[in-house]
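Colleague: Need a 3D model of the following:
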Amino acid sequence: MAGHGTSSVHPQRFDLVVAGGLLADPLHAAPAPGDLAVRDGRIAAVGAPGTLAGEETLDASGLLVAPGLIDLHTHVYAPGTYLGVPPDEIGVRQGVTTVVDAGSCGSDHWDDFADNVVGPADTRVLSWLNISRHGLVHGRRELSHGPDDIDEAATEKLLRAHPDRVRGLKIRMSASVLGDSGLEPLRAAKRVAGRVGRPVMVHVGNEPPHLGDVLDLLGDGDVVTHAFHGKPGGLFGSEAQARAAVARGVRLDVGHGSASLSFATAERALAAGFTPHTISTDLHHRNVEGPVHSLVETLTKLVALGLTPHEAIRCSTLHAAQVVGMEDELGTLRAGSAADLTLLRPTEGPVTLTDADGATRTGTTRLSAAAVVRAGRPLTVDGAP
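Modeller: Numbers count the residues shown, from 1 in each chain. Coordinates of the predicted model:
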C-alpha cells in the first residue's frame with residue numbers, strides 16, 4: 001500500500017523519497033527497481049533501492065513509479081462551458097498531474113479561464129486554445145457562422161503572451177461544427193500557429209470534410225485526435241494520406257470521448273502499423289461516468305489491445321510532453337524534471353473493458369492509480385487504498 005513513512009535518518013538530504021517501486025521511466029526500455037528523491041519540487045536523484053533518504057518516504061512497493069500522467073485532451077472549463085469538469089476531478093484525484101484543455105476556451109474567454117480554472121487547480125492546466133474566438137462557450141457549432149468566428153490577431157496575441165500555458169491551437173473539423181465553412185478555419189489555425197511556432201490539434205469525426213483533405217494541411221508536430229473512431233471514413237478511408245501524414249510527423253492521438261474510440265478500428269489500425277503516439281481521454285461531464293472514466297482506464301484499454309503497460313505509459317508521459325514542447329520539464333524521471341509522479345498499481349486478472357461504441361474486450365492487466373505527487377507534494381487519489 002502506498003503510504004507516508006516516518007522521518008528518515010538523513011532528514012536534511014531530500015524532502016521526499018519514493019521507495020520500493022519499479023521506476024517506469026519512458027526513456028528506458030522497461031521498468032526497473034529503484035528509488036527516487038525529491039527536493040524543492042523537482043526530481044533531485046534516482047538511485048538503487050535503499051540508497052536514498054529524506055524527511056518523508058512514500059512506499060511504492062508493488063507499484064510502477066511513472067512520470068506524472070499528462071492527459072492531452074480534456075474539457076475542464078467548468079462552469080464556463082456545458083461540457084466542463086473541474087480539472088482536479090479528472091486530474092490529480094485520478095492520478096493525472098497535467099491536463100490540457102482542448103479548445104473549451106477561445107480568445108474571447110481566456111482571462112476567465114485562466115483566473116477561474118488554471119489558477120486555482122492543484123493539477124497543472126495547459127490549453128489548446130480554440131481557433132474559434134468563442135470556444136465551446138456558446139455551444140457546439142463554434143465555426144459555423146463564417147469569418148467572424150475567428151479573430152486571428154487576438155488568438156496570436158494570446159499564444160505569444162502566455163506561452164507557459166497556451167501550448168497550441170485546437171480546431172474541430174466535423175460537419176456539425178463547421179456548417180459551410182469547409183477547410184478555411186483549419187487554414188486560419190495553421191497560419192496563426194505557424195507564425196508562433198506551435199502545433200495544431202485537430203478533432204476529426206463525421207465527414208465532410210474528408211479526412212484526407214484535413215491531413216494534407218497538417219505538418220510535423222500537429223495532432224489528429226479521435227484518430228481511432230469507428231465512424232465512416234476515418235483512417236482507412238484515407239489510408240495513403242494518413243501514412244504520408246504520419247511519415248511527415250503528424251501524431252495520432254486516441255481522444256477516447258463518448259464516440260471516438262472503437263476497439264475494432266484500433267485493432268485494425270495497430271495491425272496496419274498505425275500506433276497511437278499519445279493516449280488521451282476527451283473527458284467531459286457527459287462521459288466521466290462512462291464510457292471513458294479516466295486516463296488510467298483508457299491506458300488499460302490500450303494495454304488490452306496489445307500495448308505493454310510501459311508503452312502505454314510512454315504515450316501519456318514522454319510523448320505527450322513532447323507534443324506540448326515540455327519534455328525538458330515533464331514526461332520523464334530525469335533529475336531536474338518537475339517532481340510530478342503517478343504511482344500505478346498493475347493487477348493481473350481478467351478485466352472487461354468497454355469502448356465508445358459499447359463493444360467489449362477482456363484484458364489481462366488493469367492499471368489503477370495508487371498515489372500521485374504534484375510539484376513534490378503527495379496528494380490524495382480517489383479510491384486509492
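
Colleague: Nearest residue to Ala45 in space, please, no chain neighbours.
Modeller: Ala37 (4.3 Å; C-beta to C-beta, 6 or more residues apart in numbering). Bear in mind the C-beta positions are built from the backbone N, C-alpha and C, glycine included.

Colleague: thought Val351 was touching Arg361?
Modeller: No. If you go by C-beta atoms under 8 Å, Val351 and Arg361 don't touch, sitting 9.3 Å apart.

Colleague: Need the overlap of contacts for the two.
Modeller: Jointly contacting Val351 and Arg361 under the rule C-beta atoms under 8 Å, 6 or more residues apart in numbering are Ala304.

Colleague: what comes up buried for the helix or strand of the chain with the lowest mean pLDDT?
Modeller: Ranking every helix and strand in the chain by mean pLDDT, DSSP states H and E puts helix 175-178 at the bottom, with a mean of 90. Of the residues in helix 175-178, Val177, Leu178 count as buried by neighbour count, 16 or more other C-beta atoms under 10 Å.

Colleague: CA atoms only: put that helix into PDB for me.
Modeller: Taking C-alpha atoms only, helix 175-178 is exported to PDB below (Å, rounded to 0.1, in the frame of the first residue of the first chain):
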ATOM      1  CA  ALA A 175     -19.600  18.700 -40.400                       C
ATOM      2  CA  SER A 176     -21.700  19.500 -37.400                       C
ATOM      3  CA  VAL A 177     -19.200  22.100 -36.200                       C
ATOM      4  CA  LEU A 178     -18.300  23.800 -39.400                       C
END
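
Colleague: what sits against the residue lying closest to Glu56 once chain neighbours are set aside?
Modeller: Leaving aside its chain neighbours, Glu56 sits nearest to Leu16 (4.9 Å; criterion: C-beta to C-beta, 6+ apart). Each residue near Leu16 by C-beta under 8 Å, 6+ apart is listed here: Ala37, Val38, Gly54, Glu55, Glu56, Thr57, Leu58, Ala339, Val373, Gly376, Pro378.

Colleague: Equivalent analysis for Gly106, please.
Modeller: Counting by C-beta under 8 Å, 6+ apart, Gly106 touches Leu129, Asn130, Ile131, Ser132, Arg133, His134, Gly135, Val137, Glu142, Thr155.

Colleague: tell me which element the spatially closest residue to Val288 that is not a sequence neighbour falls in.
Modeller: Nearest non-adjacent residue to Val288, counting by C-beta to C-beta, 6+ apart: Val85, 5.8 Å away. For Val85, there is no host helix or strand (DSSP states H and E).

Colleague: Can I get stretch 238-248 as CSV, trimmed to CA atoms?
Modeller: The C-alpha trace of stretch 238-248 is given here as CSV (Å, rounded to 0.1, in the frame of the first residue of the first chain):
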residue,chain,number,x,y,z
SER,A,238,-7.8,8.0,-46.4
GLU,A,239,-5.1,5.4,-45.7
ALA,A,240,-2.5,6.6,-48.2
GLN,A,241,-2.8,10.2,-46.9
ALA,A,242,-2.7,9.0,-43.3
ARG,A,243,0.5,7.1,-43.9
ALA,A,244,2.0,10.1,-45.6
ALA,A,245,0.9,12.4,-42.7
VAL,A,246,2.4,10.1,-40.1
ALA,A,247,5.7,9.9,-42.1
ARG,A,248,6.0,13.7,-42.0
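
Colleague: my guess is Ala189 meets Val200, correct?
Modeller: Yes. Using C-beta under 8 Å, Ala189 is in contact with Val200, at 5.1 Å.

Colleague: list residues touching both of these two?
Modeller: Common neighbours of Ala189 and Val200, counting by C-beta under 8 Å, 6+ apart, are Leu169, Ile171.
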